[in-house]
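Undergrad: Sequence and predicted structure below; questions after.
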Amino acid sequence: MQAPVVLENVSYHYRTAVSERRVLSDISLVIRSGEIVILTGPSGSGKTTLITLIGALRAGQTGSVKVLGEELRDANEKAMTQVRRQIGYVFQQHNLLDSLTVAENVMMSLQLGDQKLSGKEQRARVEEVLTQVGLAEHVDKNPRELSGGQKQRAGIARALVTRPSLILADEPTASLDKESGRNVVDLLQTLCREQGASVVLVTHDNRILDVADRILHLEDGEIQSVSEAMSANTSQMLRLLDQHDPEASLYLSAFSLALTRVAMADNQMDDAERNAIREVLNSVSGLGSGEVDLVMELAMSQVRCRTALNGSGKNLFSAEQAAHFVESMQAVAAADGDVSDEETAEIRLIAEELGFPPPP
Ligand SMILES: Nc1ncnc2c1ncn2[C@@H]1O[C@H](COP(=O)(O)OP(=O)(O)OP(=O)(O)O)[C@@H](O)[C@H]1O
């Protein structure tokens, strides 16, 4: 089965009379059937531009944008409209019409779609989807009478009533409190799983990232995986900390290593211990939760390595690996053009700890 979204080498520029700005750079991306993809990234990184390209709401310029089997690069308006009819859109501003009831708003979306349903079938479908989103009691109300969360759920009902195979959601939780935001994305996830629809969701809201099968991070118009983005952010932050406050940086590294060593002394770290470390590191460093997690992972891998070396470290490596290990240490020491006595001594010490033959 063909993936619903296939982008190849897509770039996009905004041109004004006086300037030109590249907003997307050579993006290639496949979104599989039934996959929930979250798109994150700083303000201005190109998320809305990308989602509107996928949504056939703007024409492509460079590269191929294939959505639901249709190439959109040079597509005419008729073809674009045909693709739009098969997509469910959920926006931050739910865009419900106040002159219609909730049910009529949802019905309108069904009537604009290309489905051949009788009036009775349409009413049944509208009722079913409004029940699914928990608005059965509010069908005849005016959108003005609904809370923010209820309006957003009505927006989801309107997007899902046509049973689209692709749903695009731009900041669907932006105007909601924590609990309503959570309910809205959980609902979106459940309904999409039931219908096997793919979802692309743009958000700044870190609290909802867990609904994603895959998270893509857009930075300066380029896509990075989340781990790339997180580790780049963390390294940058730790480097800054190192430059401005070397003592604090040392304190943080030593702190995370010490806490992790204690928690892993019995060879297991449970969630309670992990959370306790997270809280302490958060309070001493002021780093965000993603960065703290990465610092913890680094400390854990160091502790695992130490434990392996102290216990059964010797004979962990083959003769070939041992030789490569030593050569690599020597190459690193020589990289600055000078191998100091301290470096040679350290290489000998490490080789001894690992049970390698003494280096030449
Ligand atoms: N019509 C336009 N003309 C010129 N520049 C534009 C236009 N629309 C957007 N831009 C610029 O393109 C860049 C990317 O905008 P876009 O809205 O795609 O970013 P975004 O990641 O969705 O941002 P946000 O998170 O703030 O919504 C921004 O610098 C923006 O100022």
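TA: Perfect, I can see it now.
Undergrad: would you list every one of the helices in the chain?
TA: For the chain, helices defined by DSSP state H occupy the ranges 47-54, 77-84, 102-112, 119-132, 148-160, 178-195, 226-244, 246-263, 271-285, 289-310, 319-334, 341-353.
Undergrad: any idea which of those helices is most buried?
TA: When neighbours are counted by mean count of other Cβ atoms under 10 Å, the highest per-stretch mean among the helices of the chain falls to helix 148-160, a mean of 24. Every residue, glycine included, has its C-beta placed from N, CA and C.
Undergrad: which residues sit against it?
TA: Applying Cβ atoms under 8 Å, 6 or more residues apart in numbering, the set of residues contacting helix 148-160 from outside is 88-91, 94-96, 102, 105-106, 108-109, 126, 129-130, 132-135, 138, 143, 146, 167, 169, 172-173, 175-177, 179-181, 183-184, 187-188, 191, 195, 197.
Undergrad: any weak-confidence spans in the stretch 51-200 of the chain?
TA: 94, 114 (pLDDT under 70).
Undergrad: Look up how far the ligand lies from the residue nearest the centre of the chain.
TA: Per Cα atoms, centre = their mean, the C-alpha nearest to the average position across the chain is that of Ile215, at 2.3 Å. Distance of Ile215 to the ligand, given as Cβ to the nearest ligand atom, to the nearest Å: 15 Å.
Undergrad: if I pick that residue, what's in contact with it?
TA: With Cβ under 8 Å, 6+ apart, Ile215 has these contacts: 37-38, 40, 209, 225-226.
Undergrad: can those go into TSV with extra columns for pLDDT?
TA: Compiled in TSV, the contacts of Ile215 are given as follows (pLDDT from 0 to 100):
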residue	pLDDT
Val37	92
Ile38	91
Thr40	88
Leu209	82
Ser225	72
Val226	68
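Undergrad: Now flag whichever of these is closest to the ligand.
TA: When those are compared for distance to the ligand (Cβ to the nearest ligand atom), Thr40 wins out at 9.3 Å.
Undergrad: so who does that closest one touch?
TA: If a contact means Cβ under 8 Å, 6+ apart, then Thr40 has 47, 202-204, 209, 215-218, 226, 229 as its contacts.
Undergrad: tell me which of the residues you listed is nearest to Gly355?
TA: Using Cβ to Cβ, Val226 is the member of the contacts of Thr40 that sits closest to Gly355, with 38.1 Å.
Undergrad: need the residues of the stretch 151-300 of the chain near the ligand, please.
TA: Applying Cβ under 6 Å from any ligand atom, we find that the stretch 151-300 of the chain lies next to the ligand at no residue.
Undergrad: Show me the domain layout of this structure.
TA: Following automatic domain parsing, one gets these domains for the chain: 5-225, 245-310, 319-353.
Undergrad: closest one to Pro359 among those domains?
TA: Nearest to Pro359 among those is domain 319-353; the distance by Cβ to Cβ comes to 4.8 Å.
Undergrad: Could you give the number of residues near Glu171?
TA: When neighbours are counted by other Cβ atoms under 10 Å, Glu171 registers 19.
Undergrad: returning to what we had before: between the domains of the chain, which gets nearest to Pro360?
TA: Smallest distance to Pro360 across the domains of the chain (Cβ to Cβ): 8.4 Å, for domain 319-353.
Undergrad: So what's the gap between the closest one and the chain middle?
TA: Computed by Cα atoms, centre = their mean, to the nearest Å, the separation of domain 319-353 from the middle of its chain amounts to 39 Å.
Undergrad: Then stretch 246-266?
TA: Between the centre of stretch 246-266 and the centre of its chain there are 28 Å (Cα atoms, centre = their mean).
Undergrad: which sections of the stretch 251-360 of the chain are below the confidence cut-off?
TA: Within the stretch 251-360 of the chain, the set of residues satisfying pLDDT under 70 comprises 286-291, 308-315.
Undergrad: I'd like the helices of the chain written out as CSV, with distance to Glu71 added.
TA: Conversion of the helices of the chain to CSV gives the following (distance: least, Cβ to Cβ, whole Å):
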stretch, distance to Glu71
helix 47-54, 13
helix 77-84, 9
helix 102-112, 24
helix 119-132, 31
helix 148-160, 24
helix 178-195, 25
helix 226-244, 29
helix 246-263, 50
helix 271-285, 47
helix 289-310, 37
helix 319-334, 48
helix 341-353, 56
